[in-house]
Structures are given as structure tokens and as C-alpha cells.
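> With the sequence up front, the predicted model follows.
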Amino acid sequence: MSSREDAGRPGRGGTWGARLRARCAVGAARVLARRSPAGIRTVLERLRGGARPASHAEAERALESVLAVSLRCAGPEACLVRSLAVVLACRLRGTWPTWCVGVRVRPPFGAHAWVEAEGRPVAEAAGPDYFRRLIVVGDSG
């Protein structure tokens with residue numbers, strides 16, 4: 001987990017520009033997360049137009065930047081805002097990872113939102129078969 005002190009160090013959250021993009025993305029993600037699932041999907045579908053697919057490394061860097069500027073996004077209950085912030089931070093760089101929302105395939109039931117790039121989840125402890133996708137916005141969705 002990162003701290004506020006880490007945000008200013010090189011390699012922790014990236015350059016000044018990356019941190020600024022991440023702050024803007026986190027703010028927009030917090031607003032977007034208040035919308036209905038259909039509303040979120042509509043906004044993301046519009047935003048992704050014209051973006052090239054993000055590489056796994058680009059999506060990981062966006063995640064690192066988001067975590068460096070927002071301690072809230074690092075929390076276990078923050079998957080929706082965190083995943084939205086990552087796709088928005090990537091979009092500000094002209095790329096788009098795949099944004100996913102789904103449920104666990106094994107008990108206990110639980111919803112989760114995550115980001116994938118190059119066909120694999122970005123920084124997820126669970127394997128790709130642990131969740132069943134319900135909403136997908138990206139090159140595969």
C-alpha cells in the first residue's frame with residue numbers, strides 16, 4: 001500500500017503529469033461511481049472511442065498512479081472507484097484497458113470490479129477464473 005509521502009517519490013505514482021492525471025481520474029471516478037451500472041457503462045462506452053488497447057504495463061502504471069494519490073482507492077471496498085479511476089487514467093493517455101464488473105463464482109457471493117489488459121487481470125490476487133464477468137467495457141466487450 002502506498003502513502004502520501006510515496007506520491008512525491010520518483011517511481012511511486014510516476015511523474016508529476018501522471019499524478020495529476022491520476023488525481024483527475026480519481027475525482028471523476030468518484031462522481032461516476034454514483035451512477036447506475038447502466039449509466040456507468042454508457043459513459044465508459046462513449047469515452048473509450050478512439051483509444052488503443054492498453055498494454056498490461058500501461059494499466060499497471062495507471063493503477064500505481066491512482067494508488068499513489070488516493071489512499072481510499074487502496075481499500076478493499078474501493079474496487080469500483082479504483083477500477084474506474086484506472087480506466088480513466090489510461091484514457092487520458094489515449095489507451096483503454098478492459099473494465100469488468102462481475103461476481104465470485106464460489107461462495108461467499110460478492111461483487112467485484114477490476115481492470116484487464118492483454119487478456120489478464122491487472123494486479124488481482126485471484127485468478128482469472130475466480131470471477132464471472134457481468135459487465136465488460138473494452139476491446140473484448
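The structure has been received and is ready for your questions. Numbers count the residues shown, from 1 in each chain.
> in which helix or strand would I find the residue with the largest distance to the centre of the chain?
Farthest-out residue of the chain from its mean C-alpha position, per C-alpha atoms, centre = their mean: Pro107, at 24.4 Å. Using DSSP states H and E, Pro107 sits within no helix or strand.
> Which pLDDT value does the model give it?
With respect to pLDDT, Pro107 scores 83.
> Kindly report the same for the one 3 residues further on.
On the pLDDT scale, Gly110 is placed at 91.
> how near is it to Ala18?
Using C-beta to C-beta, to the nearest Å, we find Gly110 at a distance of 31 Å from Ala18. To be clear about C-beta, it is placed using only N, CA and C from the backbone, and glycine gets the same treatment.
> Look at these two and report which has more neighbours.
More crowded of Gly110 and Ala18, by other C-beta atoms under 10 Å: Ala18, with 20 against 11.
> can you pull the contacts of that one?
Arg61, Ser65, Ala89 (C-beta atoms under 8 Å, 6 or more residues apart in numbering).
> Give the burial count for Val87, as a bare number.
Val87 has 28 nearby residues by other C-beta under 10 Å.
> Correct me if wrong, but it is in a strand.
No - counting by DSSP: H, G, I helix; E, B strand; the rest coil, Val87 is not part of a strand but helix.
> mind checking how far it is from Ala33?
On the measure of C-beta to C-beta, Val87 and Ala33 end up 12 Å apart.
> what does stretch 33-41 contact?
Here stretch 33-41 has contacts from Leu32, Val43, Leu80, Val81, Leu84, Val101, Ile135, Val137, using C-beta under 8 Å, 6+ apart.
> Would you mark the buried spots in it?
Buried residues in stretch 33-41, counting neighbours by 16 or more other C-beta atoms under 10 Å, are found at Ala33, Ile40, Arg41.
> Over to the first one: give its phi and psi.
The main-chain torsion angles of Ala33 are listed as degrees, to the nearest 10 and equal phi -60, psi -20.
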